[in-house]
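*Asks:* Need a 3D model of the following:
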Amino acid sequence: MANVTDNRLLALQSRGYSEFVRIDSGGQANVYRTVKDGQTYAIKVVPVDDKTDSGKLDDDLKRELTIIHNLHHPNCINVNDIFRTKTRVYIVMPFMPNGTIGAIVRKTGPLCEWNCKVWWSPVLRAVKYLHENRIAHRDLKLDNILLDANFNPIVTDFGFSRFVNINSKGQIIKSNTFCGTLSYNSPEILKRSPYDPFKVDVWCLGIMLFVMLNKNYPFDRKEGVERMISRQLRKEYTFQRDTSPEAQDLINSMLEPVAENRPNVNQINLHPWVPIVYREADAEYLIPNKQETVTSPTTQTMTINSTNTV
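*Replies:* Next up, the predicted model:
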């Protein structure tokens, strides 16, 4: 259990949180499991530089906070609160007690197709919701899919997410920020070419489903980037289990090396392998007018704490 005298936790303690246990860390951020009023939460603590422009948040963190603050979908992480002190931002989320799909696959091995449909299809639905709101995740992977108390999949970690802009001709403005996780990287990411963020998300969905069915990755990062690209371009991978023709066809379409020929989430959603029950429209969750009306976290929750807490 973390020491409550840790400056990172004093601001949480003053707001009624207790019983801090660090459960994850990545980059400079730490995630703690904590309790308030009998409820268990996960709180991501992100350091900010208080010496730059009065602690102004960098663009990536501002974008992440804006996006997660406005997500309203049963398969996307819900944020209970966002607040900050002079040197840290605190993101309060529900605690997911059943870990990640990635951890389960590593522990138990390949999943049966029925289980894959139950877990992967809601993730597709969540990504469809994101894309309909012009949001690309850009780091989809099984370790970013949490399982709640009822084992429902929840997409999390929007640190690389961004709004996707459209030009006057209705064309997607490509991205030049190369991010994500190597084993999930598409050919255009590995080649450092400008890319359509939506099509990169689709590639990652294909990698995720392949790993769920086979445990191993279709393209081994240990072989090096050049070899990965070569195998991707030739679609050189093998299904190591008795995978149905429908599942293979779906994965093959998502792992199309030419991004322009890769299906979008709407097309994937209509594939025969995807259960009909998951094809329902999510209109009730859409953010009105997409990006134009997305709001930042409220001034009240994002103002710098007036105390000396750091």
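*Asks:* For the stretch 51-200 of the chain, just list every one of the strands.
*Replies:* Under the criterion DSSP state E, counting those that start in this stretch, strands of the stretch 51-200 of the chain are mapped to 81-84, 88-94, 135-136, 145-147, 153-155, 162-163.
*Asks:* now, of these, which is deepest in the fold?
*Replies:* Ranked by mean neighbour count, the strands of the stretch 51-200 of the chain are led by strand 135-136 with a mean of 26 (mean count of other C-beta atoms under 10 Å). Heads up, the C-betas are built off the backbone N, CA and C, glycines and all.
*Asks:* pLDDT of it, averaged?
*Replies:* Average pLDDT, strand 135-136: 97.
*Asks:* Using the record's domain definitions, break this protein down for me.
*Replies:* 7-94, 101-285 (automatic domain parsing).
*Asks:* mean pLDDT lowest for which of these?
*Replies:* Looking at the domains of the chain, the bottom one is domain 7-94 with a mean of 86.
*Asks:* first vs last residue of it, how far apart are they?
*Replies:* Taking C-alpha to C-alpha, to the nearest Å, domain 7-94 runs 23 Å from one end to the other.
*Asks:* ditto for stretch 22-35
*Replies:* End to end - C-alpha to C-alpha - stretch 22-35 spans 13 Å.
*Asks:* where do the helices sit along this structure?
*Replies:* Remark: helices assigned in the chain by DSSP state H are 7-14, 59-70, 101-108, 113-132, 187-190, 197-214, 225-233, 245-254, 265-269, 299-302.
*Asks:* out of these, deepest packed?
*Replies:* Buried most deeply of the helices of the chain, by mean count of other C-beta under 10 Å, is helix 197-214, with a mean of 24.
*Asks:* quick one: which of the strands of the stretch 51-200 of the chain is nearest Ile67?
*Replies:* Comparing the strands of the stretch 51-200 of the chain by their distance to Ile67 (C-beta to C-beta), the top pick is strand 135-136, with 5.9 Å.
*Asks:* quick one: contacts of the closest one?
*Replies:* 67, 130, 161-164, 175, 197-198, 200-201 (C-beta atoms under 8 Å, 6 or more residues apart in numbering).
*Asks:* Equivalent analysis for stretch 101-121, please.
*Replies:* Counting by C-beta under 8 Å, 6+ apart, 141-143, 145, 147, 153, 205, 208-209, 211-215, 240-241, 243-244, 247, 273-275, 278 sit against stretch 101-121.
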